[in-house]
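1. From the sequence below, what's the structure:
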Amino acid sequence: MAIVLAALSVILAMKGSGYWIVLVVLATILTFLSANRADKIQKTKG
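-> Numbering: from 1, shown residues only. Next up, the predicted model:
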């Protein structure tokens, strides 16, 4: 999902839309949450 948002951000930035900033922030948050979730899963598997 974060990759799709990042790709949409690039497209919107090329078209001059201001919404690309919001998508970049969302992609960053999703990436952070995914990394935390993966870390928790790895820790529980031991």
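2. Report the secondary structure element holding the residue sitting nearest the centre point of the chain.
-> Central residue of the chain (C-alpha atoms, centre = their mean): Ala27, 1.9 Å from the mean position. Using DSSP states H and E, Ala27 sits in helix 20-45.
3. which helices and strands sit right next to that helix?
-> In terms of contacts (3 or more C-beta pairs under 8 Å, 6 or more residues apart in numbering; DSSP states H and E), helix 20-45 is packed against helix 2-15. (C-beta placed from N, C-alpha, C; glycine too.)
4. still on that earlier bit, quick check: buried residues in the helix holding Ala27?
-> Across helix 20-45, burial judged by 16 or more other C-beta atoms under 10 Å covers Trp20, Leu23, Val24, Leu26, Ala27, Leu30.
5. Outside of stretch 18-35 itself, list whatever touches it.
-> Met1, Ala2, Ile3, Leu5, Ala6, Leu8, Ser9, Val10, Leu12, Ala13 (C-beta atoms under 8 Å, 6 or more residues apart in numbering).
6. mind running it again at 6 Å?
-> For stretch 18-35, the external contacting residues (C-beta atoms under 6 Å, 6 or more residues apart in numbering) are Met1, Ala2, Leu5, Ala6, Leu8, Ser9, Leu12, Ala13.
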